[in-house]
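>>> kindly return the folded structure for what I paste below:
(4 chains)
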There are 4 protein chains.
Amino acid sequence: MVGGGRGAFIGGVHRMAAALDGEIELVCGAFSSSPEKSKLSGEDLCIDPARAYGSFEEMILEEKKLPESKRMDFVSIVTPNHMHYAPARMALENGFHVVCDKPLCFNIEEAHHLQKLVEETGLLFALTHNYTGYPMVKQARAMVKNGDIGQIRKIVVEYPQGWLTTKVEDTGSKQAGWRTDPSKSGIAGAMGDIGTHAENLAEYISGLQITELCADISTFVEGRLLDDDGNVLLHFEKGAKGVLHASQICAGEENNLNIRIYGTKAGLQWFQMEPNSLIVRWLDKPMEILRTGGGTLYPAAAAHARIPGGHPEGYLEAFANIYRNFAYCVRARLEGKEVDPVYNDFPTVSDGVRGMNFIEKVIASGKSEAKWVSV
Amino acid sequence: MVGGGRGAFIGGVHRMAAALDGEIELVCGAFSSSPEKSKLSGEDLCIDPARAYGSFEEMILEEKKLPESKRMDFVSIVTPNHMHYAPARMALENGFHVVCDKPLCFNIEEAHHLQKLVEETGLLFALTHNYTGYPMVKQARAMVKNGDIGQIRKIVVEYPQGWLTTKVEDTGSKQAGWRTDPSKSGIAGAMGDIGTHAENLAEYISGLQITELCADISTFVEGRLLDDDGNVLLHFEKGAKGVLHASQICAGEENNLNIRIYGTKAGLQWFQMEPNSLIVRWLDKPMEILRTGGGTLYPAAAAHARIPGGHPEGYLEAFANIYRNFAYCVRARLEGKEVDPVYNDFPTVSDGVRGMNFIEKVIASGKSEAKWVSV
Amino acid sequence: MVGGGRGAFIGGVHRMAAALDGEIELVCGAFSSSPEKSKLSGEDLCIDPARAYGSFEEMILEEKKLPESKRMDFVSIVTPNHMHYAPARMALENGFHVVCDKPLCFNIEEAHHLQKLVEETGLLFALTHNYTGYPMVKQARAMVKNGDIGQIRKIVVEYPQGWLTTKVEDTGSKQAGWRTDPSKSGIAGAMGDIGTHAENLAEYISGLQITELCADISTFVEGRLLDDDGNVLLHFEKGAKGVLHASQICAGEENNLNIRIYGTKAGLQWFQMEPNSLIVRWLDKPMEILRTGGGTLYPAAAAHARIPGGHPEGYLEAFANIYRNFAYCVRARLEGKEVDPVYNDFPTVSDGVRGMNFIEKVIASGKSEAKWVSV
Amino acid sequence: MVGGGRGAFIGGVHRMAAALDGEIELVCGAFSSSPEKSKLSGEDLCIDPARAYGSFEEMILEEKKLPESKRMDFVSIVTPNHMHYAPARMALENGFHVVCDKPLCFNIEEAHHLQKLVEETGLLFALTHNYTGYPMVKQARAMVKNGDIGQIRKIVVEYPQGWLTTKVEDTGSKQAGWRTDPSKSGIAGAMGDIGTHAENLAEYISGLQITELCADISTFVEGRLLDDDGNVLLHFEKGAKGVLHASQICAGEENNLNIRIYGTKAGLQWFQMEPNSLIVRWLDKPMEILRTGGGTLYPAAAAHARIPGGHPEGYLEAFANIYRNFAYCVRARLEGKEVDPVYNDFPTVSDGVRGMNFIEKVIASGKSEAKWVSV
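Below is the predicted model:
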């Protein structure tokens, strides 16, 4: 693991997600840019002190020296955006599979380079767009793919949060600090941090790529250096249209990612904050509510639920689905087997490139007087 | 009443809304463009046969001849859009107050003319943007006005319906027929029929006017002559931004008008389909759900509820609030009194002009390559 | 109308409900036990002063003298419980149909007498158990009758309110005053006021009668003279079992009547506070939410909705369904026609007798050491 | 771990819950009563083959021989009810702490013996009444304890499930099989399996013990040997009253445990299937919805949430809270430290005794003609 030391948020999430299914064991890490903090974090985590490294470079080089059966099987990168590229690149160049937090990296050039490296090395690369790990998101995608809702016409995807309604980056919040700092986050604030989740979710479920967009990007909090709100009109392939809005200044909102997809036969609706329900509004029969763990789901959904219906699964379980599927694929590689296609399903470096491209285009559109920007 | 004969929809709604509070009695009508059908409808409604007129012209002229104590007190116009202007104009010119269904009329020129007539005659004119009649909409407006949610930053207003997902205008539906016919509806379909409700609701609650918009207007159903879907970016006064989307092709949606308004201190959310709840998300304390009939509402909300909390009030009660307030104002005129300001609250011809202007601009923007169109 | 003068609650509800559909006109009344207050209330309601009577006796005798075409068609009784019997009896004895608020009367003897009078006179008698007027309650009943949910096993019906959590009868509340006064309310408080609604709803939907009950009846507020809370185990015909609990001391609850009925094939759930949805949980397919105004309802439900799905109908519309159906039946009598069976559906004096019997037995059980009391 | 081999359900839940926080490692097990199956299960779980034992007796004896630093720290018992007592007793007698699935054991005598053993040995004993592990359950308990809702008057606790609506025990379902088999489950079916969860939840949150009950216990599915439904009236300490109903024949219900507690100042409501919300209905101010991860919770709630509000935590996280707290207490023992009281919070053998007592009394009451049975 690279990053995720004391005081970090997403590192702990990655560790819980990786541990849940008993498929993955944390064996080493460079948990902080400070070697001492890395050591201390290693102790917290009961890691062999020899494998709590002072830097990711050291970690990759030292682990590579270990016999195959003992060395780490892959690298997890859980640092802020500007620190994704270097460890990802080095891991790939040294033959390690990679799990990387989103967005993929700092800019589109890095993204293209990582994509090229993945193609050249043939290594596995997972990007933790974790919201696609929810069973009912898989169900929605399967329903679209099977034509259950007909041809898609309209997609509305929203991601309102409220935690940056005031200037919390000035109050010492580490999470707010780097996310609003262009030198760490890149050219986008909210649109990179959560807008890309919304974009990824829409494309994942619909199977349609965004072709054009028209964005109204704002920074509402005075003195903030990056956007904290964006409203975007979308054109998708095959004539579908849509709206994406994401914000971190929607006072009182927690983490309200949600999506609606309307086809010619039915509409789907899913809320991340009540993730075990998928609302299906049929054109000509009563509204249905499909449920995680229910008996009538597609295999892709059923395979990503762990417990019977009514025992709610949440954010960590969805996150864990990314890790578990990745682990199954890594193990299949090691064992020279094929993985069941239902598990060969996690966001990859290509999703990351699309996300970085979305960031570039949505910020450009925000500054443009022209209505539409091609994606 | 002008319109609302056999087979009509909104005419019956107007009649129920007007009857609910015992303030208004239906005394005459020109219920159809066919004199025979008008007579028959008059019989259905137990109207004095002599006052079931063959045309609105006849109705206005004949009623005017009656002594003041017997003649109708105002005219209700419930015809399709292209038939609003002529009876409204004639009623005003002959000294009758008017209640008119929305949108105000067929085009912006008619709208301006009606506004001028209302100003010149000093008569009362109510436009039935009925959704502003709900108690919790009044509550939301009062909260904004009192600064409870701070300065408004973002407004999201949605109006998805699904009843025009297929080409029902070809199946003999009278309601679908005129709404998709440019000669009856005007230049807009969905944006005129329901987009204006969304626009009116947003401006009513927020107290902010739309200053600029950027629209993506679509006709999804092949062969349909007017728009059935629109996604719009909005700029409001005082720097607020927003999104409006309205559609009649959102398969499975009933009548899902809803709005969220985020200020610097709190966010408000209201759903027309569960109209007795107003969700308030505070920045620094738990989410609250305010309820129609509850004990902690502003006077403007309390005055528009009829029964205790938990006895749900609905669409007809909200519609009736427009009529009751209008009736109170008409009666105050007749009696030479002042009406309590809490009841002097219904949409007027000015709202109608703003709505017609919105229609013109949103359709123009839909055809424009420029990003922003001034409103 | 008998009762419903200034300061009353349910009288106004009856008037709005009666007015909504344009079928019924209020022509006379004895609105108060004080003749002067009755006159004033008559003025408020724009009644012909000659027909604002000083007592119900006067009203019945004077109206009877009028020619048939001018006299009232039926009597509405909206007084407290102890004042139901006398006007109901006199109206029936003088040939007038009756609408009466619930519970039917003061004790079981009165109830049996009224039932006998209705049988002897053949007059129409409606009891305003208004909650059975909701379209989705009709839908639930039709689904049960058609075997859609299989054989009923379990019924849970609840009616929690919170408005008597403190001793509001001491604060001058007229509504609380008579409801907690044994001389006006009878032997039961909450169990009579709302317990009977719950009992009636359960029997109406299920088509099953309660055969045995076991009650735990409480008065939580010190010094209150009647019960304010009750929990009851139920046995129904055909082996179904159930739970009924009703309370007026459930702090913060508004008017949360709700019911669940579980059969061998599906379970139904309905909430009065969101009355336009009926939740259907199938054994072997996804949960459905049926909606008032939707296209897939049984005729009994469709006939009791006025407006399209998504335009919420509420308490007054359900109440109005009782009045409208009663008016249809009265008119059919007058015209010597048959009424469409779908409208020949309102609670009658028999429901009233069952309700009074329930009150007797549930209070008796509350005092008994034996487990089961036969109903 | 004792039990939880291939085909088991709750064993996997225990393993995921124990793994989540990185505090506990599965080191050995007797996963099945068949030694071969135990070995195979051990392989599935990547256990050292030497420590995949053929029986719990072997496991306990062999592990005891290992040096303290290598031997297991505690035993987890995840077998059917009739197989709890023997391993629990032997573990305690040999000095191992115990985590045991609920209900505690097979009958009240075993329960008392285990309680005595725990007292004598001073060892730690956790019972996985996992629903008390939810943060919002902790919040509810803290609110009650702090007097926020005033004095408790009424408690309604429900646990409807539908999975035994048909006779699935005849279709080869292992889960249904033992739960409906008196030789494995004990004297109770639904009342033991889920009724005890409801009882435990009510007592945990309210801090009040049940003193008397009156039960109506049923077996609806023909040929089933144990109860599948029960409705129970409750008396609690300090004059509170309540209703408990639990069922496994409520067609279509998933796992709908929920509770309402009404005090003199407010009412609380919590649903296990939407566990991150706690509804608070105040007597004199708007309804609030408290949320897991929100900023205004009591320390007991905050300490049991892992991620920010809006990132839903579910069943496994609540289950993991039991394990994590138990692990903290075990570790504190090992290190001779005090554990923070906020973590010294998990169901113990005393809860287990109360649960077994509840089972005895509720089944006895179901057969009794007397109204009340003392608990």
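>>> what residues does chain A put near chain C?
Selection of chain A residues close to chain C by CB under 8 Å from any CB of the partner chain yields A:280, A:284, A:285, A:286, A:287, A:288, A:289, A:290, A:291, A:294, A:295, A:296. Glycine gets a C-beta too; all of them are placed from N, C-alpha and C.
>>> can I assume the last one sits in a helix?
No. For residue A:296, which was evaluated using DSSP: H, G, I helix; E, B strand; the rest coil, the result is coil, with no helix membership.
>>> next, give phi and psi for whatever residue of the stretch 51-200 of chain A ends up closest to chain C.
Proximity of the stretch 51-200 of chain A to chain C (CB to the nearest CB) peaks at residue A:139, 10.7 Å away. The phi/psi pair for residue A:139 (degrees, to the nearest 10) reads phi -60, psi -50.
>>> re the thing from before, so which of the residues of chain A next to chain C would count as near chain B as well?
A:280, A:287.
>>> can you put the residues of chain A next to chain C in CSV and add neighbour count, secondary structure and pLDDT?
CSV is the format used below for the residues of chain A next to chain C (neighbours: other CB atoms under 10 Å in any protein chain shown; DSSP: H, G, I helix; E, B strand; the rest coil; pLDDT from 0 to 100):
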residue, neighbour count, secondary structure, pLDDT
A:280, 23, strand, 98
A:284, 12, coil, 90
A:285, 14, coil, 94
A:286, 20, coil, 97
A:287, 22, strand, 97
A:288, 21, strand, 98
A:289, 17, strand, 98
A:290, 24, strand, 98
A:291, 23, strand, 98
A:294, 24, coil, 87
A:295, 12, coil, 86
A:296, 14, coil, 89
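>>> name the nearest of the residues of chain A next to chain C relative to residue C:24.
For the residues of chain A next to chain C, the minimum distance to residue C:24 (CB to CB) is 33.8 Å, reached by residue A:286.
>>> wait, doesn't that closest one sit right on residue C:292?
No. Look at residue A:286 against residue C:292 with CB atoms under 8 Å: they stay out of range, at 12.0 Å.
>>> rewinding a little: skipping its backbone neighbours, what lies nearest the residue of the stretch 51-200 of chain A closest to chain C in space?
Leaving aside its chain neighbours, residue A:139 sits nearest to residue A:301 (3.7 Å; criterion: CB to CB, 6 or more residues apart in numbering or on different chains).
>>> surely that neighbour is within a strand?
No. Checked against three-state DSSP, residue A:301 lies outside a strand; its state is helix.
>>> pLDDT value on it, please?
Per-residue confidence (pLDDT) for residue A:301: 98.
>>> list the contacts of it.
Going by CB atoms under 8 Å, 6 or more residues apart in numbering or on different chains, residue A:301 touches A:135, A:136, A:138, A:139, A:142, A:292.
>>> make it 10 Å
A:134-143, A:278, A:290, A:292-294, A:342 (CB atoms under 10 Å, 6 or more residues apart in numbering or on different chains).
>>> need the residues of the stretch 251-375 of chain A near chain B, please.
Where the stretch 251-375 of chain A comes near chain B, counting by CB under 10 Å from any CB of the partner chain, the residues are A:251-254, A:256, A:260-269, A:279-288, A:365, A:368-372.
>>> before we move on, back to that, mutual contacts of residue A:286 and residue C:292, please.
Residues touching both residue A:286 and residue C:292 (CB under 10 Å, 6+ apart): residue C:278.
>>> next one: the residue nearest to residue A:139 from residue A:144, what distance?
Residue A:301 sits 12 Å away from residue A:144, taking CB to CB, to the nearest Å as the criterion.
>>> residue A:69: which element?
Under DSSP states H and E, no helix or strand contains residue A:69.
>>> what separates it from residue A:27, distance-wise?
Taken as CB to CB, the span from residue A:69 to residue A:27 is 12 Å.
>>> in terms of neighbours, single out the busier of the two.
For the pair residue A:69 and residue A:27, the greater number of neighbours falls to residue A:27 (15 against 5), based on other CB atoms under 10 Å in any protein chain shown.
>>> show me what contacts that one?
Shown in contact with residue A:27 (CB under 10 Å, 6+ apart): A:1, A:47, A:48, A:51, A:63, A:66, A:70, A:71, A:72, A:73.
>>> once you drop chain neighbours, what's closest to the last one?
Using CB to CB, 6+ apart and skipping the chain neighbours, the partner closest in space to residue A:73 is residue A:330 (5.6 Å).
>>> check whether stretch A:219-226 contacts chain B.
Yes. Residues of stretch A:219-226 are located near chain B by CB under 10 Å from any CB, namely A:220, A:221.
>>> hmm, back to that, any of the contacts of residue A:27 buried? List them.
Using 16 or more other CB atoms under 10 Å in any protein chain shown as the burial test, the contacts of residue A:27 include A:1, A:47, A:51, A:63, A:71, A:72, A:73 as buried.
>>> you'd agree the first one is up against residue A:100?
Put plainly, it is residue A:1. No. At 11.4 Å, residue A:1 does not count as touching residue A:100 under the criterion of CB atoms under 10 Å.
>>> tell me the secondary structure for the residue nearest to residue A:73?
From three-state DSSP, the assignment for residue A:330 is helix.
>>> quick one: the helices in the stretch 51-200 of chain A?
Ranges of helices in the stretch 51-200 of chain A, per DSSP state H, counting those that start in this stretch, are A:56-65, A:85-93, A:108-121, A:135-145, A:174-179, A:182-185, A:190, A:196-206.
>>> likewise the stretch 201-350 of chain A?
Assigned by DSSP H, counting those that start in this stretch, the helices in the stretch 201-350 of chain A fall at A:299-302, A:315-335, A:349-367.
>>> and those: which comes nearest residue D:169?
Across the helices of the stretch 201-350 of chain A, residue D:169 has its closest neighbour in helix A:299-302 (23.0 Å, CB to CB).
>>> tell me the buried residues in the closest one?
Neighbour-count burial for helix A:299-302 [16+ other CB under 10 Å]: A:300, A:301, A:302.
>>> go on, stretch A:196-209?
Buried residues in stretch A:196-209, counted by 16+ other CB under 10 Å: A:196, A:197, A:198, A:199, A:200, A:201, A:202, A:203, A:204, A:205, A:206, A:208.
>>> sweet, I'm off.
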